[in-house]
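Peer 1: Have a look at this prediction, sequence included:
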Amino acid sequence: MTEQTTTKKLRVGWFSFSCCEDSTVVMTELLNDHWQEWKKFIDFRHARVLKSHNVMDEMDVAFVEGAIASQKHMDELKEIRAKAKKIVAIGACAVVGMPSGQRNQFDEKTWAEIQHLIDRFKHLPKVLKVADVVTVDASVGGCPMNPDQFLAVVSGALEEFGVVSKK
C-alpha cells in the first residue's frame, strides 16, 4: 500500500451521536483486516468503542457518525471541530440526517405524542446532519458506511498529513 515516511502518526478521533452505530461496527470489522498496518500509522486519540481511556485533544481527523439531536451533541461537535483539522461525516445519519431525523417529518399528532420524550431528553426541535452544525471536510455515505470509501478517506488522510507516501 504505502510506506511510512516519518515516525508521525495520524491522530484520529471516532465519535458517534444519534444513530444505530452500524458504521462503528463496519470500522471495527475493518480493523480486523488492517490493524497490523494501521497501528504503525494511526494514533486513536478518542474512540470509545476501542479504548476505555480517551483523550479529547488535537486531532488530524475526527470521524463523526450519527445525527445531532440535542444541544449537548451540538456543543460536543463544536468542540470536536475546534480540535480537529479535518472532520469526516460518517454514514447516512451524519451525512443527510436520516434515518435518525425521521421525526423531522412527523405530523402534528405524532409530535404531540412524542413531545414528552423531546422535553425529557432535551432534544432539539429538529434533528440535524453534521454539516448543519460545523464545516465538514469529507463524507462517507451509506447506512452503514461504504467501507471502500472509508478506506480511501483513511489512505488519503495518511498521505495528506504526511504519515505515508505512495510507493
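Peer 2: Perfect, thanks for sending it. Numbers count the residues shown, from 1 in each chain.
Peer 1: Just want the most central residue of this structure.
Peer 2: Val64 (1.5 Å; Cα atoms, centre = their mean).
Peer 1: Quick check: bridge partners of it?
Peer 2: Using DSSP bridges, the beta-bridge partners of Val64 come out as Phe15, Ala89.
Peer 1: Could you pull up the residues touching it?
Peer 2: By Cβ atoms under 8 Å, 6 or more residues apart in numbering, Val64 lies in contact with Phe15, Ser16, Phe17, Leu77, Ile80, Ile87, Val88, Ala89, Ile90, Ala94, Val130. The C-beta positions use only the backbone N, C-alpha and C, and glycine is treated the same way.
Peer 1: Burial check on the last one, number of neighbours?
Peer 2: Other residues within reach of Val130, judged by other Cβ atoms under 10 Å, total 30.
Peer 1: quick one: furthest residue from the center of this protein?
Peer 2: Outermost in the chain, Cα atoms, centre = their mean: Lys109 at 33.1 Å.
Peer 1: What's the first helix or strand after the top helix by length along the chain?
Peer 2: As assigned by DSSP state H, the longest helix anywhere in the chain is helix 22-41. Next in sequence after helix 22-41, counting helices and strands by DSSP states H and E, comes strand 42-47.
Peer 1: what comes up buried for that following strand?
Peer 2: For strand 42-47, the neighbour count (16 or more other Cβ atoms under 10 Å) marks Ile42, Phe44, Arg45, His46, Ala47 as buried.
Peer 1: what sits against the second one?
Peer 2: Under the criterion of Cβ under 8 Å, 6+ apart, the contact partners of Phe44 comprise Val12, Gly13, Trp14, Leu50, Lys51.
Peer 1: Does it have any beta-bridge partners, and if so which?
Peer 2: What pairs with Phe44, by the bridge criterion (DSSP bridges), is Val12.
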